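Novice: How does the following fold in three dimensions:
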Amino acid sequence: MAGRIPQAFIDELIARADVVEIIGSRVPLKRAGREYKACCPFHDEKTPSFWVSPDKQFYHCFGCGAHGTALGFLMEYDRLPFPEAVEDLAARLGLSVPRESGAAPGSSPAGGGAAGADDTAPLYELLAKVADFYCSLLQRSERASAYAAQRGLTPATIELFRIGYASDSWNDVLRRFGERESDRRALLAAGLIIERERSSGSGSGSDAYYDRFRDRLMFPIRDTRGRVLAFGGRVLGSAEPKYLNSPETALFHKGKELYGLYETRLARRPLKRLLLVEGYMDVVRLHQAGVTDAVATLGTATTPEHLRRAFRLVSEVVFCFDGDRAGRAAAWRALQQALPEAREGRELRFLFLPDAEDPDSLVGREGGERFTARLDTALPLSEYLVAQLGEQADVSHADGKAHFVALVRPLLEKITPGVYRELLLDRIAAAIGLPAERLQLWLAAAETPGATAARAAPATARNPRAPARQLGRGSLTTQAITLLLHFPPAAAAVEPQQRLQLARLNQPGVAVLLALLEQLAASPAATMAQTLERWRDRPEYRRLSELAASEPLVPDQGAAGQELSHAVARLLDAELRRRLEVLIDKARAQTLDESEKLELQALSVAQTRVGGP
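Specialist: Below you'll find the model as predicted:
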């Protein structure tokens, strides 16, 4: 059934997995003392800077900074979403992935929103069989094979993408796979057949249905594990519609899927960007020419979910559009969808092809290398936005500048406040010849008080999952957290009473430190990898993984326990001193109430016990 993957199972998975074996099956590792090293698979290098620790079950590259657990490696190297990485690792260990009932899909990476095997496995099996059937029909059809060859597709490409053919028949799939009514209902659920209108007098049984795809070149749409979710069909002649997709089903949501993502992952090279094109044939021909980072939306405009999925894999997305009016209109729509996803650390660019060219035709004419070189000319989002608005407003006079600001204001409101938004404001200000501060005033003047307040609200008010406070850098708290990450059993050195006292502290990072201590007390972890995976779906994960990748502060487990105990004692002592000073200052200025007097007396005694003021 659908549901969240229990944390206890993930703990067990990490405990039983061997990060050296997982990585070693893909990257040649050499032993170096107690660890292993290799040339990093995530960036080009000649001298090994990629290290794998069997003790911590963690990898780290000192060149590019890549790091993580066995699950993290599968996600990064094989381009798998978290639930599918769990499924992959579990399958290697001969384990079945349990699911908790009642969890909201997508509530966390562990939940993932993935449907369980029980209710979807038959649909996956059916779609795989139909895909094989379409492949066999392509091999048997001279007309379809000739069309594929005419479009420039090689046998190797046809095999890689499992391209097939739906014959010019109303019931080929229905006859082969729909013998019983239960089979026909499965075909209907998979989007492979259509139910006739009841008023047509078509009768019952198989006569009540007909094949959805007829006389089309068939492109299986696969998930990142290679399972067929749906199909796209391209007519061989001039019929309409030119392209036909499967409908929305339990497996297929076209606003989320990217065609070619599975094949991109198979390319087995560091994936730095995704090239987002419009059609199946564009993706296939680009891959054939060596441009293996190309993917496509599925007969729909780019959606925020498409972009979020892309940015989970890469930091750069290049939109590629035909150079005609329709292509530019599609690019402008894509920009508006992309704005909420624009932020520091991400790059969005726009590539426009010559008039009357699309990626399919252009790469066929000039080859993959020249096409790839065109990507260097792609416009950054900021430049494209300024250029497009500049065509609508003449900024050589005050009226035109005011019009430009009016056009850009609703677009800027879509961008998350932060460094990227500030830099974009600077670029827009330069384009219209205004100081950035003055542009800010113009924009703020038109905002409602409510909008201004919302923008000024703290991150926790806008996003309840945002961390309440940032972890410190190099602070005593950060040192304690780092010790726990590197040596989880050291948590036993902190007494329960000390954890209760820590809960009263209001300092940056203490909440995270306390959560780690409570977590490890309730469910001890043997390795860094186990500890870190428990935080994957939380906002603090990125910072914790950075601390995990840092050098250990002490050489061994025993020293870690001593240092952690000392760090916690110093934190509590500092808080004791602070509270004592507050009460003393208050006593000098006014009379303390009875509870404060008692507190002051208790703190004074405690202070004397730990060494005096």
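Novice: contacts for stretch 37-57?
Specialist: 14, 17-20, 23-24, 26-30, 32, 34-36, 58-64, 66, 69-70, 76-77, 270, 486, 527-530, 548 (C-beta atoms under 8 Å, 6 or more residues apart in numbering). Every residue, glycine included, has its C-beta placed from N, CA and C.
Novice: Filter those residues down to just the ones in helices.
Specialist: 14, 19-20, 23-24, 70, 76-77, 486, 528-530, 548 (DSSP state H).
Novice: Please convert the buried members of these into PyMOL selection syntax.
Specialist: Command for PyMOL that selects the buried part of the ones in helices among the contacts of stretch 37-57, burial taken from 16 or more other C-beta atoms under 10 Å:
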select buried, resi 14+19+20+23+70+76+77+486+528+529+530+548
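Novice: just for this structure, where's the confidence low?
Specialist: By pLDDT under 70, the weakly predicted segments of the chain are 1-3, 101-119, 198-206, 268-269, 299, 444-474, 579-580, 582-583, 596-613.
Novice: and the spatially most central residue of the chain, how far is that from W535?
Specialist: Centrality entry for the chain: nearest residue to the mean C-alpha point is R312, 2.2 Å, by C-alpha atoms, centre = their mean. Counting by C-beta to C-beta, to the nearest Å, the gap from R312 to W535 is 17 Å.
Novice: what's the neighbour count on the nearest residue to R162 once chain neighbours are set aside?
Specialist: Of all residues not flanking R162 in the chain, P220 sits nearest, at 5.0 Å (C-beta to C-beta, 6 or more residues apart in numbering). Using other C-beta atoms under 10 Å, P220 has 25 neighbouring residues.
Novice: Does P220 belong to a helix, a strand or coil?
Specialist: The local conformation at P220, judged by DSSP: H, G, I helix; E, B strand; the rest coil, is strand.
Novice: residues in contact with it?
Specialist: 127, 131, 134, 161-164, 228, 230-231.
Novice: just K272 next, same as before
Specialist: So K272 contacts 293, 314-316 (C-beta under 8 Å, 6+ apart).
Novice: Mark which of those residues are buried, thanks.
Specialist: The buried subset of the contacts of K272 (16+ other C-beta under 10 Å) comprises 293, 314, 316.
Novice: my read: the second one touches L274, true?
Specialist: Yes - checked against C-beta atoms under 8 Å, the pair V314 and L274 is within contact range at 5.3 Å.
Novice: can you tell me which helix or strand L443 belongs to?
Specialist: helix 436-445 (DSSP states H and E).
Novice: got a list of contacts for that helix?
Specialist: Against helix 436-445 from outside (C-beta under 8 Å, 6+ apart): 402, 405, 409, 412, 425-426, 428-429, 432, 434, 452.
Novice: buried subset of the residues you listed?
Specialist: Counted by 16+ other C-beta under 10 Å, the contacts of helix 436-445 give 405, 412, 425, 428-429, 432, 434 as buried.
Novice: buried ones in the helix holding L443?
Specialist: 439, 442-443.
Novice: hang on, W51 is in a strand, isn't it?
Specialist: Yes - the assignment for W51 (three-state DSSP) places it in a strand.
Novice: could you pull out the helices for the stretch 151-300 of the chain?
Specialist: 155-161, 172-177, 181-189, 261-266, 280-288 (DSSP state H, counting those that start in this stretch).
Novice: Please identify the deepest-packed of the ones you listed.
Specialist: helix 280-288 (a mean of 25; mean count of other C-beta atoms under 10 Å).
Novice: Run the chain-centre distance for that one.
Specialist: In terms of C-alpha atoms, centre = their mean, to the nearest Å, the centre of helix 280-288 is set 24 Å apart from its chain centre.
Novice: what packs against the helix ranked longest in the chain?
Specialist: Secondary structure of the chain per DSSP H: the longest helix is helix 557-589. Applying 3 or more C-beta pairs under 8 Å, 6 or more residues apart in numbering; DSSP states H and E, we find helix 557-589 packed against helix 476-486, helix 496-502, helix 594-609.
Novice: can you rerun that using 6 Å?
Specialist: If contacts are counted by 3 or more C-beta pairs under 6 Å, 6 or more residues apart in numbering; DSSP states H and E, helix 557-589 sits against helix 476-486, helix 594-609.
Novice: So what angle separates the directions of that helix and helix 476-486?
Specialist: Between helix 557-589 and helix 476-486, the angle comes out at 160 degrees (axes from the mean of the first three to the mean of the last three C-alpha atoms, to 10 degrees).
Novice: List the buried residues in helix 557-589.
Specialist: 560-561, 563-565, 567-568, 571-572, 575-576, 580, 583.
Novice: Specify which member of those residues is nearest to G364.
Specialist: Distance to G364, by C-beta to C-beta, is smallest for A560 among these, at 60.5 Å.
Novice: Pull the number of nearby residues for the closest residue to that closest one other than its chain neighbours.
Specialist: Closest residue in space to A560, ignoring its immediate chain neighbours: F487 at 3.6 Å, by C-beta to C-beta, 6+ apart. By other C-beta under 10 Å, 25 other residues sit near F487.
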